[in-house]
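S.K.: mind looking at a prediction? Sequence and model below.
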Amino acid sequence: MYLIIKMSILDAEPWRALPRAVAALLAPDLPDLGEELLSAIGEQVPEYAKPLRGRFGENIQRGVNEALRQFLDLIEEPDRGRAQSREVYLELGRGEMHEGRSLDALQQAYRVGARVAWRRLARTGEAAGLSSAVLCVLADSIFAYIDELAADSVEGYAEAQQAAAGERDRRRSVLLAMLLGPAVDAGEMRAAAADAGWRIPRSASMLACEPENLAGIAMRLPPDALTGIVDETGCALIPDGEGPGQRRLIEAACTGTVAGVGPAHGAGQAGASWRRALDVLAAIRAGALPACCCWANDHLATLALLAAREPLGDLARARLGPLAGLTPAGRERMAATLAAFLDERGSAPAMARVLGVHPQTVRYRVRQLRGLFGDALDDPDARFELHAAVRAIGIGALGIERDPPAASGASSAPLPSRSPARSESPPSS
């Protein structure tokens with residue numbers, strides 16, 4: 001077991017197998033080797049082929065010098081470890097991220113440095129009479145050590161990426177909150193958008209969903225969508241939400257969930273779209289709209305009725321009061337007939353098709369309706385109110401009682417239905 005552990009340590013830190021005297025042997029080469037490394041990196045890595053000035057130059061020079069010094073320290077005292085100098089190479093990785101570069105250039109610089117260091121130190125070792133076995137271990141040590149430095153830089157780069165993403169998300173949350181405000185200053189919007197790295201679109205649509213569904217929806221939306229939880233509701237601002245192919249994309253993102261999508265407005269008027277999206281989500285929750293992704297512009301009448309549900313409830317109770325004295329079955333039958341009469345403009349054949357009864361039965365029912373509602377069936381204003389009442393109740397689950405107490409207090413108005421009613425025969429004449 002000890003042998004396995006020992007071999008594992010040597011595989012990971014091969015410099016432990018080098019004689020400690022090798023450190024003193026190589027030390028005189030460090031100053032010239034540092035200059036040689038910097039020159040080779042500048043010649044072979046295009047991104048670094050510039051004067052090493054400022055913080056960028058300081059970090060590169062510090063990284064090279066620290067790498068050489070630390071390498072000899074590890075040969076001399078392997079248990080010292082690298083904890084104290086890791087920050088140098090973490091910072092190099094962070095620096096590449098902040099400079100807007102990938103890690104390709106830095107990784108190439110590490111490879112160039114490893115080759116140059118090996119050639120220089122191998123010549124020194126050979127001249128000092130080091131055996132081929134020791135030189136092999138030295139080579140292994142150099143490349144293993146450079147791999148560790150490169151891994152530190154990868155870690156630093158990832159840390160910087162994560163921090164930048166978190167800061168970007170924070171700035172985009174601030175921007176989203178601003179855009180949903182009642183009055184958006186154009187100058188402040190441009191400044192906040194620039195700060196968040198977000199291009200202001202010509203138009204945007206707001207999406208409202210259940211908060212627990214937002215993450216799944218956001219993953220499938222375009223990357224320039226702004227998302228967040230607003231007042232315990234999932235919120236997404238989708239640039240060009242009504243552009244070509246966008247509807248299909250948004251509906252696909254909402255597959256298996258419910259969502260309301262407001263109309264497209266300029267980014268500065270996103271609050272108006274957000275209010276409509278919230279109205280749609282409220283209608284879905286109430287059962288007035290299907291449990292899917294619904295667009296406000298497709299359901300404006302339903303949203304209007306939902307917004308006016310309290311006065312419409314009063315209107316329904318007042319206008320449908322004449323049905324109160326009927327039996328429950330009679331109320332349902334006559335309510336369905338009234339809805340068909342208003343929708344089909346009194347056409348007996350059309351009403352018969354809708355209700356699934358004989359036209360003669362329809363005519364008989366219409367005579368009953370006239371007995372209940374009188375001239376209201378021919379008065380434009382009264383017809384409008386009757387139509388609004390039956391439509392409001394017919395939507396269902398709008399906060400209007402399905403069986404509201406009638407004005408007379410005797411019974412209640414029914415829920416109008418367009419489903420075929422049970423056929424009944426009119427009295428023979």
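M.R.: It's in. Residues are numbered from 1 along each chain as shown.

S.K.: quick check, central residue of this structure?
M.R.: The centre of the chain sits closest to residue 218, judged by CA atoms, centre = their mean, with a distance of 2.2 Å.

S.K.: so what's that one closest to, chain neighbours aside?
M.R.: Among residues not flanking residue 218 along the chain, residue 227 sits closest, at 4.4 Å (CB to CB, 6 or more residues apart in numbering). All C-beta atoms are positioned from the backbone trio N, CA, C, and that covers glycine.

S.K.: ok, residue 378 to residue 341 distance?
M.R.: According to CB to CB, to the nearest Å, residue 378 and residue 341 sit 11 Å apart.

S.K.: er, residue 282 actually
M.R.: Residue 282 is 31 Å from residue 341, by CB to CB.

S.K.: distance-wise, check the closest residue to residue 86 other than its chain neighbours relative to residue 126.
M.R.: Once flanking residues are discounted, residue 86 sits nearest to residue 152: 5.2 Å by CB to CB, 6+ apart. Distance of residue 152 to residue 126, given as CB to CB: 31 Å.

S.K.: of those two, who's got more company?
M.R.: When residue 152 and residue 126 are compared for neighbours, residue 152 comes out ahead with 20 against 12, by other CB atoms under 10 Å.

S.K.: hang on, that one packs against residue 90?
M.R.: Yes: between residue 152 and residue 90 there is a contact at 5.4 Å, judged by CB atoms under 8 Å.

S.K.: after the helix or strand containing residue 227, which helix or strand is next?
M.R.: In the assignment (DSSP states H and E), residue 227 maps to strand 226-230. Counting by DSSP H and E, the next helix or strand C-terminal to strand 226-230 is strand 233-239.

S.K.: next, the buried residues of that next one.
M.R.: Neighbour counts over strand 233-239 (16 or more other CB atoms under 10 Å) mark 233, 234, 235, 236, 237, 238, 239 as buried.

S.K.: dump the residue contacts of the fourth one.
M.R.: Read it as residue 236. By CB atoms under 8 Å, 6 or more residues apart in numbering, residue 236 lies in contact with 206, 207, 209, 214, 217, 218, 221, 225, 226, 227.

S.K.: next one: the last one
M.R.: Residue 239 makes contacts with 199, 201, 203, 204, 222, 224, 225, 267, as judged by CB under 8 Å, 6+ apart.

S.K.: so what's it closest to, chain neighbours aside?
M.R.: Nearest non-adjacent residue to residue 239, counting by CB to CB, 6+ apart: residue 201, 3.5 Å away.

S.K.: quick one on the thing from earlier: so which of the buried residues of strand 233-239 comes closest to residue 37?
M.R.: Comparing the buried residues of strand 233-239 against residue 37 with CB to CB places residue 239 closest, at 47.7 Å.

S.K.: so what touches the strand holding residue 227?
M.R.: 172-173, 175-177, 179-180, 198, 211, 214, 217-218, 221, 234-237, 274.

S.K.: ditto for stretch 156-163
M.R.: Here stretch 156-163 makes contact (CB under 8 Å, 6+ apart) with 89, 90, 91, 92, 93, 94, 96, 97, 98, 103.

S.K.: quick one, which of those are buried?
M.R.: Listed as buried from those are 89, 90, 91, 92, 93, 94, 96, 97, 103; burial here means 16+ other CB under 10 Å.

S.K.: from those, which is closest to residue 137?
M.R.: Closest to residue 137 out of the buried ones among the contacts of stretch 156-163 is residue 89 (23.1 Å), distances taken as CB to CB.

S.K.: so that closest one touches residue 147, yeah?
M.R.: No: using CB under 8 Å, residue 89 makes no contact with residue 147, being 11.4 Å away.

S.K.: list the contacts of residue 386.
M.R.: By CB under 8 Å, 6+ apart, the contact list for residue 386 reads 319, 320, 338, 342, 373, 376, 377.

S.K.: buried residues, the helix or strand where residue 334 lies. List them.
M.R.: Assigned by DSSP H and E, residue 334 belongs to helix 328-343. Across helix 328-343, burial judged by 16+ other CB under 10 Å covers 331-343.

S.K.: okay, now the unreliable bits of the stretch 251-400 of the chain?
M.R.: Along the stretch 251-400 of the chain, segments meeting pLDDT under 70 span 393-400.

S.K.: that one: helices as residue ranges?
M.R.: In the stretch 251-400 of the chain, the helices defined using DSSP state H, counting those that start in this stretch lie at 270-286, 300-307, 309-319, 328-343, 348-355, 359-373, 380-395.

S.K.: in JSON lines, list these along with distance to residue 164.
M.R.: Shown next, in JSON lines, are the helices of the stretch 251-400 of the chain (distance: least, CB to CB, whole Å):
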{"stretch": "helix 270-286", "distance to residue 164": "25"}
{"stretch": "helix 300-307", "distance to residue 164": "41"}
{"stretch": "helix 309-319", "distance to residue 164": "47"}
{"stretch": "helix 328-343", "distance to residue 164": "59"}
{"stretch": "helix 348-355", "distance to residue 164": "62"}
{"stretch": "helix 359-373", "distance to residue 164": "69"}
{"stretch": "helix 380-395", "distance to residue 164": "48"}
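
S.K.: which one of these lies closest to residue 166?
M.R.: Of all the helices of the stretch 251-400 of the chain, it is helix 270-286 that lies closest to residue 166, at 23.6 Å by CB to CB.

S.K.: where is pLDDT lowest across the buried ones among the contacts of stretch 156-163?
M.R.: The member of the buried ones among the contacts of stretch 156-163 with the lowest pLDDT is residue 97, at 82.

S.K.: which SS state does it fall under?
M.R.: Assigned by DSSP: H, G, I helix; E, B strand; the rest coil, the conformation of residue 97 is helix.

S.K.: quick check: closest non-adjacent residue to it.
M.R.: Using CB to CB, 6+ apart, the closest residue to residue 97 is residue 160 (3.7 Å).
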